[in-house]
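[1] Need the 3D shape of this:
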Amino acid sequence: SNIPAGMMVGEPSAFGDGTTFTESDAYRFSVRLDYEFDQFTLTSVTGFAHYDSDLVDNATFAGDAQVPFFERTDHDSLSQELRDQTQFDSPVNFLAGVLYSDKDLYFRNSARIAPLGPDSRNGRQWTWDKVADQESTSLSAYGEVVWDISETLELSAGARYTDEERDFLFTVPHLHEVFDVFLPGILSSQSLSDKFKDDNVSPQFTLSWSPTDNVTVFGAYREGFKSGGFDASHTLAAGAIIDDIRFESEEADGFEFGIKSRWFDDSVQLNATAYFFDYD
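    Predicted structure coming up:
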């Protein structure tokens, strides 16, 4: 159901007239260039992605629409990767590359969570506006060695180094005056900002055995990394500090085993995988 017109008094024009809606735009572009040389291939991949969304809705889904909210998300990402893949006649070949990315995120959440009267300062009945701005940069370098031990046995080993950095700013442009009583300290600490930085080295090893052209059995050890950061949709609390919003990086390591095969003149495929990973 739509939001009553009287509840929209004083709200920004982006919220609309109270008619619930969702409007999203997303697009991405990429350009890949391959330079072929006698014994190696140099590849460049450039990417750009954009996503934005506006949303006005009623959290209760009831006819009186007493808990309306507005959200806006705006995200841009630019990345550039360069990698080199060798094609030597020898049993050993190499892959190496670097990847850089830059991302910007804007997130706004505005909501009315209690039936309060108009705020004497601006006439608004909505409870809060929360805005988060975050800029992230990432630089990684990776390499892999592939060794054909025999005609049927192959070993690959590699690692990726990742360096991540985020600049974050969280603000509360509006908090209803009634909540000043229940959440003292919010307006005195409207702005929370910090920088997050972390790096990681993640190795991986894979041994593959192909007794025939149609059967490959493999085993692998892998490590992974996902950078930490900040909670852009943090729930308001009295005396909030940046550590309430910050979360640490995630790491994973484990083993994977499997088989990939084709049978009966390629009319049947049989693949199976077993794995165990530990996340921290």
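[2] Cross-check the contact I'm expecting between Asp129 and His176.
    No: the criterion here is Cβ atoms under 8 Å, and Asp129 misses it with His176 at 10.2 Å. Every residue, glycine included, has its C-beta placed from N, CA and C.
[3] what stretches of the chain score poorly on pLDDT?
    182-190 (pLDDT under 70).
[4] quick one on the thing from earlier: out of Asp129 and His176, which sits in the more crowded spot?
    His176 (22 against 18; other Cβ atoms under 10 Å).
[5] Assess the claim that that one and Leu116 are in contact.
    Yes: using Cβ under 8 Å, His176 is in contact with Leu116, at 5.5 Å.
[6] and for those two, which residues touch both?
    Gln125, Thr127 (Cβ atoms under 8 Å, 6 or more residues apart in numbering).
[7] just the helices in this structure please.
    Taking DSSP state H to define them, one finds helices in the chain at 179-182.
[8] For the stretch 51-200 of the chain, which segments count as strands?
    Per DSSP state E, counting those that start in this stretch, the stretch 51-200 of the chain carries strands over the ranges 68-86, 92-111, 128-148, 153-175, 191-212.
[9] Redo the ones you listed as JSON lines? Include distance to Arg246.
    As requested, the strands of the stretch 51-200 of the chain are arranged in JSON lines below (distance: least, Cβ to Cβ, whole Å):
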{"stretch": "strand 68-86", "distance to Arg246": "20"}
{"stretch": "strand 92-111", "distance to Arg246": "15"}
{"stretch": "strand 128-148", "distance to Arg246": "12"}
{"stretch": "strand 153-175", "distance to Arg246": "8"}
{"stretch": "strand 191-212", "distance to Arg246": "7"}
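[10] Of all the ones you listed, which one comes closest to Thr43?
    Distance to Thr43, taken as Cβ to Cβ, is lowest for strand 68-86 among the strands of the stretch 51-200 of the chain, at 5.1 Å.
[11] Pull the contacting residues for the closest residue to Gly18 other than its chain neighbours.
    Leaving aside its sequence neighbours, Gly18 sits nearest to Ile3 (Cβ to Cβ, 6 or more residues apart in numbering; 3.8 Å). Applying Cβ under 8 Å, 6+ apart to Ile3 gives the contacts Gly18, Thr19, Thr20, Val56, Asn58, Ala65, Pro68.
[12] pretty sure Ala96 contacts Ser140?
    No: checked against Cβ under 8 Å, the pair Ala96 and Ser140 is beyond contact range at 11.8 Å.
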